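In: sharing a model that was predicted from the sequence below.
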Amino acid sequence: MLDPSKMSYEELLLKVKEKFEIDFEDIRIGDINLSLIKIVNLEDYIDKLADEVREGDRLELPFWAKIWPTSLLLSYVLLKLPMEKGDELLEIGAGTGLCGLVAASMGFNVTISDIEQDALMISQINVLKNSLQQRARVERVDFTSDRLSKKFRYIIGSEVLYKQEHFRPLVKFFLRHLRDENSFIILAKDYHLKAKKFYKLAQEYFVIQEKVIGYKEKDNEKGERHLCTILRLSKKL
């Protein structure tokens, strides 16, 4: 498996272009301006995956390849985080790494993580494109099984609560990797994804605060309003 952190910007671009047609899009979060890869041929790529899947196998959709509205909202939430010099932040299930890049731009020491090789390569391109390599590193992390060598003041994630079989190992991962009593987890999810089993498991160890935020997608001509839930988890004393 390739290690994106050991590849140059040009090598990463060439590798990604073997599979995807890409462009860059500018994203502004508060006063932070970022340029992130956009996969132009995503629908064609999904069609190709569907054609290649064998009968009886499950099609694994590339959810990592899209910047979800919850990631944008989580990025704005990060702008209000208190920060001290040297604070470490981990983004799990990062996809293209938007939230981690915002945190790095704020001054956090950030680990941007995912389990998908393509996501890791694209995140590393985004780190280099935005000259954030001094603040952000990209690492493959499987939060269902990995035990990392460091702990973090903040752990963040967008739309990581959609598989029930991950809930118990995810709670254990959080317990192992939060730094201290001033540390907490911030998760963003679609309001309609209830994840009741996660709440039940997490409430045994964490105080959970919840906030619902409404938003409207820019490309939605009907002007429909959607809801996102922001969760903040802190260890029980």
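Out: Arrived safely. Residues are numbered from 1 along each chain as shown.
In: point to the residue nearest the middle of the chain.
Out: Central residue check for the chain by CA atoms, centre = their mean: the C-alpha nearest the mean position is that of Ala94, 2.4 Å away.
In: part of a strand, is that residue?
Out: No: the secondary structure assignment for Ala94 gives coil rather than a strand, going by DSSP: H, G, I helix; E, B strand; the rest coil.
In: right, and it touches Glu116 too?
Out: No: between Ala94 and Glu116 no contact is recorded; they are 9.6 Å apart, counting by CB atoms under 8 Å. In this view, the C-beta of every residue, glycine as well, is placed from N, C-alpha and C.
In: so what sits against both of those two?
Out: Both Ala94 and Glu116 are contacted by Trp64, under the criterion CB atoms under 8 Å, 6 or more residues apart in numbering.
In: which helix or strand lies directly C-terminal to the helix or strand of the chain with the lowest mean pLDDT?
Out: Counting by mean pLDDT, DSSP states H and E, the chain has its least confident helix or strand at helix 42-52, which shows a mean of 74. Where DSSP states H and E defines the elements, the next helix or strand beyond helix 42-52 is helix 69-78.
In: helices or strands up against that next one?
Out: With contacts defined as 3 or more CB pairs under 8 Å, 6 or more residues apart in numbering; DSSP states H and E, the secondary structure elements packing on helix 69-78 are strand 22-29, helix 98-106, strand 154-158, strand 184-190, strand 206-216, strand 225-235.
In: switch the cut-off to 7 Å
Out: For helix 69-78, the contact count by 3 or more CB pairs under 7 Å, 6 or more residues apart in numbering; DSSP states H and E identifies helix 98-106, strand 154-158, strand 184-190, strand 206-216, strand 225-235 as packing neighbours.
In: save these as TSV, and put in mean neighbour count, distance to Val16 and mean pLDDT too.
Out: Shown next, in TSV, are the helices and strands packed on helix 69-78 (neighbours: other CB atoms under 10 Å; distance: least, CB to CB, whole Å; pLDDT from 0 to 100):
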stretch	mean neighbour count	distance to Val16	mean pLDDT
helix 98-106	27	17	98
strand 154-158	26	22	98
strand 184-190	23	26	97
strand 206-216	13	29	92
strand 225-235	17	29	93
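In: and of those, who's closest to Glu139?
Out: For Glu139, the closest of these is helix 98-106, at 10.6 Å, according to CB to CB.
In: dump that closest one to PDB, keeping only the CA atoms.
Out: Coordinates of each C-alpha in helix 98-106 appear next as PDB, following Å, rounded to 0.1, in the frame of the first residue of the first chain:
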ATOM      1  CA  LEU A  98     -11.900  19.600   4.800                       C
ATOM      2  CA  CYS A  99     -12.400  19.800   8.600                       C
ATOM      3  CA  GLY A 100      -8.800  18.800   9.400                       C
ATOM      4  CA  LEU A 101      -7.500  21.400   6.900                       C
ATOM      5  CA  VAL A 102      -9.600  24.100   8.600                       C
ATOM      6  CA  ALA A 103      -8.200  23.100  12.000                       C
ATOM      7  CA  ALA A 104      -4.700  23.100  10.600                       C
ATOM      8  CA  SER A 105      -5.300  26.600   9.200                       C
ATOM      9  CA  MET A 106      -6.300  27.700  12.700                       C
END
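In: sounds good, over and out.
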